[in-house]
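1. Kindly generate the corresponding structure for this input.
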Amino acid sequence: MFLVGHVSLTRWTVGATLTVGLALAVLSRFWPWELRLPVAKVPAVIVCAMLAWTAIAGLAEPVGDWDKDGVAYHLLGPKVWLRNGIIRPIAENMNTSYPNTPEMVFTALRAFGGDRAPWFSACWTIALLLGIAATLARRCGLSVSATWWAAALVVTMPAVHAGGIVGFVDVIYATFILAAVRIGLEATELTHFAVFGFFCGLAAATKYPALLAAPVLIFCAVGNSVEWRSLRAMMPKALTAFAAACIVCSPIYLKNWILLGTPLYPPPAAVAKFMHVKYFPVEAIRQFYQYNVNRGNGHGRGPLHFFTLPFNLTYHTADFSGAGGIGLAPLAFLPLGLLELWRQRFARLLALIALLLLILWFITMQESRYLIHVYVLSAVFAAAGWQKASSITGARGRILCVAVIALSVIYGTYMIGTFQLPAARSVFSVGQARKWREERAVFIEGFDYINRSSDVSRVLILDVSVPPYYSDKDYVKPFGQWGERAYPTVETAADILPKVRELGITHVFDVASKVSGYQVPRDYPGLMLVFQGPDQRVYRVVSAR
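-> Numbers count the residues shown, from 1 in each chain. Modelled structure (predicted):
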């Protein structure tokens with residue numbers, strides 16, 4: 001769809017692409033939706049209840065401000081591309097040029113399901129993650145009951161849930177990483193390594209961190225399949241996986257290189273001054289990366305900080321830009337689970353990969369949702385540890401083990417339930433829907449006027465903090481959130497206001513925000529005030545006299 005969308009992106013082209021994919025799935029020998037795992041009732045009820053709650057909350061109207069990644073760019077790209085009928089870089093929003101496989105999913109959903117379908121998709125993307133978690137648990141030898149409890153622990157981790165709802169793509173990324181791990185650790189033939197590389201490529205086409213994670217996965221998978229001293233046997237398998245990964249993800253990076261001047265957009269700050277990239281000044285790039293370094297510092301990057309991660313990720317996840325913790329079970333049972341499964345080569349390699357990915361995360365950007373794949377593996381080992389602890393302890397010990405699992409599940413259920421409650425209420429109540437929209441959708445009154453007015457065809461948005469996602473009309477936004485400039489010669493509102501007729505702008509949307517005050521002077525020639533709301537004004541461009 002990404003490739004087709006650069007030629008034409010309409011409901012017809014999206015539908016044709018989906019039809020081909022669905023046909024291949026139906027004609028496949030394997031039906032991925034067939035449930036082959038017997039049901040353990042209590043954890044299965046927990047899993048189904050949490051997915052159902054996610055589905056209900058996902059029917060709410062997508063809202064948020066510029067701090068909410070879904071509204072800021074994950075959902076903006078699909079909306080603009082479908083409106084324009086083609087995929088092209090959004091000049092003032094560099095985030096829409098990130099690897100965007102999930103955005104293609106959101107585009108298809110929006111094309112046929114409307115603006116709420118992408119949010120609703122969280123229920124089945126999280127379900128896919130749980131399916132991969134279950135296959136890993138079964139491969140490690142966990143019982144049916146322990147496998148279901150591993151899934152229940154994952155689905156009730158607020159840190160995992162936060163990475164899959166409201167337009168976030170971290171659950172999709174983690175699913176691709178874990179699918180690659182599941183296949184790669186048992187790959188023996190070149191075809192296996194090609195499929196393994198395919199999922200590594202999907203991960204790299206979803207988030208930049210996969211560019212570091214994929215080599216680690218390839219290293220472990222190839223090393224597991226042959227003797228380390230047999231370089232001749234290793235090279236074909238490594239090259240096959242690497243080639244498959246590159247074929248899958250290269251269109252996204254080549255697109256950035258051709259249209260924006262660099263495969264990684266924005267380029268690393270250290271090389272930005274040597275490269276000419278479109279729409280993003282060098283100083284803005286430096287400030288963007290400095291912000292990310294400060295945001296991703298966690299508690300620090302020293303040895304002590306690394307060894308205290310299990311405690312801090314359990315009790316202080318908010319310090320890692322987290323939206324809730326991961327529960328007590330991993331901290332309580334993971335060490336015993338490692339000891340129990342250590343005799344299995346697959347489990348040892350799984351633990352090694354989790355450690356290597358944790359180290360990569362620790363030395364790059366310590367943001368909780370970037371670690372979801374490791375959280376899932378911790379739940380698998382925790383379930384194994386709980387299974388072992390329950391079998392070797394007496395009645396009191398088993399009660400204590402159950403209490404730890406119960407506390408983890410209850411904590412996560414409460415955190416997720418209360419967080420999603422306002423969204424769920426808005427689905428069933430008109431009044432709550434209005435409240436949900438008014439409290440979370442910024443400057444929505446002005447956008448409502450713009451969207452309702454038939455004489456609005458193209459609107460100029462001046463404030464960098466205003467999310468253009470809410471505009472159903474074509475728009476021009478000269479200044480981006482991170483310092484992007486859609487027009488290199490335009491530095492202030494005063495530079496672009498004289499050019500409104502030249503740019504085909506019919507209306508100007510001006511606001512007084514936390515970032516800046518009103519930028520259109522009163523009685524500015526050629527502009528007529530046609531709407532005024534709380535901290536927002538809409539002007540109509542009138543004909544020059």
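2. Skipping adjacent residues, who's closest to the spatially most central residue of the chain in space?
-> A centroid search over the chain (Cα atoms, centre = their mean) returns residue 169, at 1.7 Å, as the residue closest to the centre. With sequence-adjacent residues excluded and distances taken as Cβ to Cβ, 6 or more residues apart in numbering, residue 169 is closest to residue 102, at 3.9 Å. (Each C-beta comes from the backbone N, C-alpha and C, glycine too.)
3. where does this protein have low pLDDT?
-> Along the chain, the model assigns pLDDT under 70 to residues 30-35, 227-229, 544-545.
4. the domain parsing of it - what is it?
-> Annotated domains of the chain cover 2-422, 442-541 [automatic domain parsing].
5. Name the SS class of residue 530, please.
-> Recorded secondary structure, residue 530: strand (DSSP: H, G, I helix; E, B strand; the rest coil).
6. who's in contact with it?
-> 449, 507, 538, 539, 540 (Cβ atoms under 8 Å, 6 or more residues apart in numbering).
7. so who does residue 174 touch?
-> Applying Cβ under 8 Å, 6+ apart, the residues contacting residue 174 are 129, 160, 163, 372, 373, 376.
8. right, and the secondary structure at it would be what?
-> Criterion first, three-state DSSP; result for residue 174: helix.
9. Which other helices and strands does the helix or strand hosting residue 222 contact?
-> Per DSSP states H and E: residue 222 is located in helix 210-225. Contacts defined by 3 or more Cβ pairs under 8 Å, 6 or more residues apart in numbering; DSSP states H and E place helix 210-225 against helix 170-184, helix 190-204, helix 231-260, helix 345-363.
10. In PyMOL, select just the buried ones from the contacts of residue 174.
-> Only the buried members of the contacts of residue 174 end up in this PyMOL selection, burial being decided by 16 or more other Cβ atoms under 10 Å:
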select buried, resi 129+160+163+372+373+376
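11. picking that back up, distance to residue 313 added to the helices and strands packed on helix 210-225, as a markdown table?
-> Shown next, in a markdown table, are the helices and strands packed on helix 210-225 (distance: least, Cβ to Cβ, whole Å):
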| stretch | distance to residue 313 |
| --- | --- |
| helix 170-184 | 15 |
| helix 190-204 | 22 |
| helix 231-260 | 29 |
| helix 345-363 | 10 |
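12. deepest of the ones you listed, which one?
-> Ranked by mean neighbour count under mean count of other Cβ atoms under 10 Å, the helices and strands packed on helix 210-225 are led by helix 170-184, which reaches a mean of 26.
13. one step back: any idea which element the residue nearest to residue 169 lies in?
-> helix 101-113.
14. before we move on, back to that, so which of the contacts of residue 530 belong to helices?
-> Among these, the members found in helices (DSSP state H) are residue 449.
15. Top of the contacts of residue 530 by number of neighbours, please.
-> residue 507 (26 neighbours; other Cβ atoms under 10 Å).
16. OK, contacts around it?
-> Residue 507 touches 450, 453, 456, 458, 459, 460, 530, 538, 539, 540, 541, counting by Cβ under 8 Å, 6+ apart.
17. Now do the contacts for the fifth one.
-> So that's residue 459. 450, 471, 473, 474, 475, 476, 505, 506, 507, 508, 509.
18. Is it part of a helix or strand, or is it coil?
-> Residue 459 ends up strand, using three-state DSSP.
19. circling back to that earlier point, centre of the chain versus the helix holding residue 102, how much separation?
-> Distance of helix 101-113 from the chain centroid (Cα atoms, centre = their mean, to the nearest Å) equals 14 Å.
20. Alpha carbons only: can I get the helix or strand that comes right after it in PDB?
-> Going down the chain from helix 101-113, the next helix or strand is helix 117-120, by DSSP H and E. Output in PDB follows, covering the C-alpha atoms of helix 117-120 (Å, rounded to 0.1, in the frame of the first residue of the first chain):
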ATOM      1  CA  ALA A 117     -11.400   2.900  13.000                       C
ATOM      2  CA  PRO A 118      -7.600   3.400  13.700                       C
ATOM      3  CA  TRP A 119      -8.200   3.900  17.400                       C
ATOM      4  CA  PHE A 120     -10.500   0.800  17.500                       C
END
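21. Helix 117-120 packs against which elements?
-> helix 101-113.
22. how does it look with 10 Å?
-> Helices and strands touching helix 117-120, by 3 or more Cβ pairs under 10 Å, 6 or more residues apart in numbering; DSSP states H and E, are helix 41-57, helix 101-113.
23. and of these, who's closest to residue 312?
-> Each of these was scored for nearness to residue 312 using Cβ to Cβ, and the closest is helix 41-57 (25.2 Å).
24. Strands along this structure, start to end?
-> 458-461, 474-476, 507-511, 527-533, 536-541 (DSSP state E).
25. just these: most buried one?
-> Most buried among those, counting by mean count of other Cβ under 10 Å: strand 507-511, with a mean of 26.
26. need the helices and strands packed on helix 117-120 in TSV with distance to residue 18, can you?
-> Below are these laid out as TSV (distance: least, Cβ to Cβ, whole Å):
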stretch	distance to residue 18
helix 41-57	21
helix 101-113	6
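27. Can you redo those as TSV, where the extra columns are mean neighbour count and distance to residue 499?
-> Output for the helices and strands packed on helix 117-120, formatted as TSV (neighbours: other Cβ atoms under 10 Å; distance: least, Cβ to Cβ, whole Å):
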stretch	mean neighbour count	distance to residue 499
helix 41-57	18	43
helix 101-113	21	31
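28. Relative to residue 341, which of those helices is closest?
-> Across the helices and strands packed on helix 117-120, closest to residue 341 is helix 41-57 (Cβ to Cβ), at 19.5 Å.
29. Return the distance of the next helix or strand after that closest one from the chain's centre.
-> Counting by DSSP H and E, the next helix or strand C-terminal to helix 41-57 is helix 69. In terms of Cα atoms, centre = their mean, the centre of helix 69 is found 8 Å from the chain centre.
30. Over to stretch 424-440?
-> For stretch 424-440, the distance to the chain centre is 25 Å (Cα atoms, centre = their mean).
31. need the domains of the chain in JSON lines with distance to residue 433, can you?
-> Listed next are the domains of the chain as JSON lines, based on distance: least, Cβ to Cβ, whole Å:
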{"stretch": "domain 2-422", "distance to residue 433": "7"}
{"stretch": "domain 442-541", "distance to residue 433": "12"}
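32. Relative to residue 432, which of these is closest?
-> Per Cβ to Cβ, nearest to residue 432 of the domains of the chain: domain 2-422, 7.4 Å.
33. okay, how far is it across that closest one, tip to tip?
-> Terminal residues of domain 2-422 are spaced 34 Å apart (Cα to Cα, to the nearest Å).
34. Over to stretch 200-214?
-> End-to-end for stretch 200-214, by Cα to Cα: 6 Å.
35. got it, and stretch 362-375?
-> 14 Å.
36. That stretch: which residues count as buried?
-> Result for stretch 362-375 [16+ other Cβ under 10 Å]: buried residues 362, 364-375.
37. ok now do residue 405, which residues does it touch?
-> Neighbouring residues of residue 405 by Cβ atoms under 10 Å, 6 or more residues apart in numbering: 43, 149, 152-153, 327-329, 332-333, 382-383, 386, 390.
38. Would you mind measuring from it to residue 42?
-> Distance check for residue 405 against residue 42: by Cβ to Cβ, to the nearest Å, it reads 10 Å.
39. Next, show the common contact partners of those two.
-> Residues touching both residue 405 and residue 42 (Cβ under 10 Å, 6+ apart): 149, 152.
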